[in-house]
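Visitor: sequence first, predicted coordinates after that:
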Amino acid sequence: MASINKRNGKWSARVSFYDQFGKRHFKNKEGFTRKKEAEAWANEIEQGKFDESIGKTESHAAFSDYFLNWYQTFKAPVLSEATKRRYLITHKEVKRYFGDLKITRISRLQYQEFLNKYGKTHSIASSKKVNTQVKACVHDAVDDGAIQFDFTKKSKVTGHAGKDSSMKFLDASDMTNLIKYLKLDINARHATKMMGIVALYTGARFAEIAGLTWKDISPDFGTISINKAWNTLDNSGFKETKNEQSKRIIRVNPELFALLDQYHESQGFLHVNNPLDLIFMGPNGKVPSSNAANNMLHTALKNINASKDITFHGLRHTHASYLIYKGVSIYYISQRLGHANYTITMNIYSHMLHEMEAAENSKLIAALDELNGALSRIVKSPSRKRL
């Protein structure tokens, strides 16, 4: 909408518009000698609202504020709670380093210095996540005209190597010992121990295990249905799985059903209100937290003198690693874990696949050697004489 005014013998025009965040902005111009000139300028600006350039005005917001507004508008509505936390961590780091510095005042040098400082105290993987999220925000800011150039262009992430991949899962011996230890206490009063057994036998995520109900268990078919997850952040109820592929039905061994049956029987003695028929409802009437599960696991690993200490999520990696070593198809494992696509599984377990490749190469050479030996025997065998 435009307004035309005359002041001190000169005409001025003012046009208002809304940007991509729904915020109102104004464009002004003064000094027109005739009203028609002011109207013509205003009409041109008004028509520009329908061009692809609409809303392309440099932002006066602080970088941290712009990032938060961008995240809340475009990302938060579609992200999982865990990913939301990751974005909010990035915002916190941006706010800590850049303060109230406007997004239009940040240079490539300043941004690289930010990455360098962050990398001194964080892993390369963490640095890459921060850089990826900031890049996405800045690219949109350029497209929307909030800034004139991409200050993240050609940036380099730094950081330490992080935890070695082999330290994120248990070897077969420790896995076996852990299962034996956890089976000593199948009791609904200690729900996290049974949750650990389920994780080792299924490879399911903690939130998926926490969201299991008794109707998801099918001993007759030998399967467990994973079709939802539990909101472990505030214990508020069910939520969607991480992705559509995470909704799956997986086959498990009879022993797990026997243990669950034993656990179910003990649950009846708790006398707690469980209207959702959750499997893992603690004596306090709540689903155990991930912190409680991790604390249980750290104690258990210490008691069995495990060679390494892992997180509860590491039980998922342990399950997958065990299947890989047993020669189970990586494609089948990917479906079992509920990964969004096959590539994710390949990337996560690439270190193990390389080790398996070395073993397969040895088998290949041995097979070719056997073939060569067979051919040699054929060549050396005496030819039959003609009659």
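Guide: Yep, it's here. Note that this is a predicted model, so its numbers are computed, not measured.
Visitor: run through the residues that contact Tyr342.
Guide: 330-331, 334 (C-beta atoms under 8 Å, 6 or more residues apart in numbering). The C-beta positions use only the backbone N, C-alpha and C, and glycine is treated the same way.
Visitor: now those as a markdown table including neighbour count?
Guide: Output for the contacts of Tyr342, formatted as a markdown table (neighbours: other C-beta atoms under 10 Å):
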| residue | neighbour count |
| --- | --- |
| Ile330 | 16 |
| Tyr331 | 11 |
| Ser334 | 21 |
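Visitor: just these: which are in helices?
Guide: 330-331, 334 (DSSP state H).
Visitor: nearest to Phe98 among these?
Guide: Minimum distance to Phe98 across the ones in helices among the contacts of Tyr342 is 39.5 Å, recorded for Ser334 (C-beta to C-beta).
Visitor: in this structure that closest one contacts Thr345, no?
Guide: Yes. Assessed by C-beta atoms under 8 Å, Ser334 is found in contact with Thr345 at 3.8 Å.
Visitor: rewinding a little: flag the least confident of the ones in helices among the contacts of Tyr342.
Guide: Model confidence across the ones in helices among the contacts of Tyr342 bottoms out at Ile330, which has 90.
Visitor: tell me who's in contact with the closest residue to Lys6 other than its chain neighbours.
Guide: What sits nearest to Lys6 in space, not counting adjacent residues and going by C-beta to C-beta, 6 or more residues apart in numbering, is Lys35, at 7.2 Å. Neighbouring residues of Lys35 by C-beta under 8 Å, 6+ apart: 4, 6, 11.
Visitor: who's in contact with Arg336?
Guide: Arg336 neighbours (C-beta under 8 Å, 6+ apart): 203, 248, 250, 323.
Visitor: and the gap between it and Val287?
Guide: Applying C-beta to C-beta, to the nearest Å, the value for Arg336 to Val287 is 23 Å.
Visitor: same question for Ile89.
Guide: 25 Å.
Visitor: who has more neighbours out of the two?
Guide: Between Ile89 and Val287, counting by other C-beta atoms under 10 Å, Val287 is the more crowded of the two (24 against 14).
Visitor: using JSON lines, lay out the contacts of Arg336 together with distance to Asn187, secondary structure and neighbour count.
Guide: Output for these, formatted as JSON lines (distance: C-beta to C-beta, whole Å; DSSP: H, G, I helix; E, B strand; the rest coil; neighbours: other C-beta atoms under 10 Å):
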{"residue": "Gly203", "distance to Asn187": "24", "secondary structure": "coil", "neighbour count": "22"}
{"residue": "Arg248", "distance to Asn187": "29", "secondary structure": "strand", "neighbour count": "18"}
{"residue": "Ile250", "distance to Asn187": "25", "secondary structure": "strand", "neighbour count": "17"}
{"residue": "Leu323", "distance to Asn187": "28", "secondary structure": "helix", "neighbour count": "18"}
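Visitor: I'd say Ile179 and Ala199 touch.
Guide: No. Here Ile179 does not reach Ala199: they are 10.6 Å apart, not a contact under C-beta under 8 Å.
Visitor: and these two? Which one has more around it.
Guide: Each of Ile179 and Ala199 has its neighbours counted (other C-beta under 10 Å); Ala199 has more, 23 against 16.
Visitor: correct me if wrong: that one contacts Phe206.
Guide: Yes. Using C-beta under 8 Å, Ala199 is in contact with Phe206, at 7.3 Å.
Visitor: out of the ones in helices among the contacts of Tyr342, which comes closest to Tyr97?
Guide: So of those, ranked by how close each gets to Tyr97 (C-beta to C-beta), first place is Ser334, at 37.8 Å.
Visitor: residues contacting Arg108?
Guide: Residues near Arg108 by C-beta under 8 Å, 6+ apart: 151-155.
Visitor: of all those, which two lie farthest apart?
Guide: The span of these, defined through C-beta to C-beta, is set by Phe151 and Lys154 at 10.1 Å.
Visitor: out of those two, which sits in the busier spot?
Guide: Just comparing Phe151 and Lys154: by other C-beta under 10 Å the higher neighbour count belongs to Phe151, 23 against 7.
Visitor: what sits against that one?
Guide: 106-108, 110-111, 138.
Visitor: could I get the residues you listed as TSV with pLDDT and distance to Trp214?
Guide: Shown next, in TSV, are these (pLDDT from 0 to 100; distance: C-beta to C-beta, whole Å):
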residue	pLDDT	distance to Trp214
Ile106	96	54
Ser107	95	59
Arg108	95	57
Gln110	96	56
Tyr111	97	52
Val138	96	48
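Visitor: most neighbours out of the residues you listed, which is it?
Guide: Busiest of the contacts of Phe151 [other C-beta under 10 Å] is Val138, holding 25 neighbours.
Visitor: please name the nearest non-neighbouring residue to it.
Guide: The spatially closest residue to Val138, leaving aside those adjacent along the chain, is Thr152, at 4.9 Å (C-beta to C-beta, 6+ apart).
Visitor: before we move on, what about Leu337?
Guide: Gly203 (5.3 Å).
Visitor: I figured the one you found hits Ile324, correct?
Guide: No. The criterion here is C-beta under 8 Å, and Gly203 misses it with Ile324 at 11.2 Å.
Visitor: list residues touching both of these two?
Guide: Residues touching both Gly203 and Ile324 (C-beta under 8 Å, 6+ apart) are Ile333.
Visitor: pLDDT averaged over the helix or strand hosting Asn43 - what is it?
Guide: Per DSSP states H and E: Asn43 is located in helix 35-48. Averaged across helix 35-48, the pLDDT comes to 78.
Visitor: what does stretch 268-287 give?
Guide: Stretch 268-287 comes out at a mean pLDDT of 92.
Visitor: helix or strand: which one has the most centrally placed residue in the chain?
Guide: Nearest to the geometric centre of the chain sits Thr83, at 5.8 Å (C-alpha atoms, centre = their mean). Following DSSP H and E, one finds Thr83 within helix 81-98.
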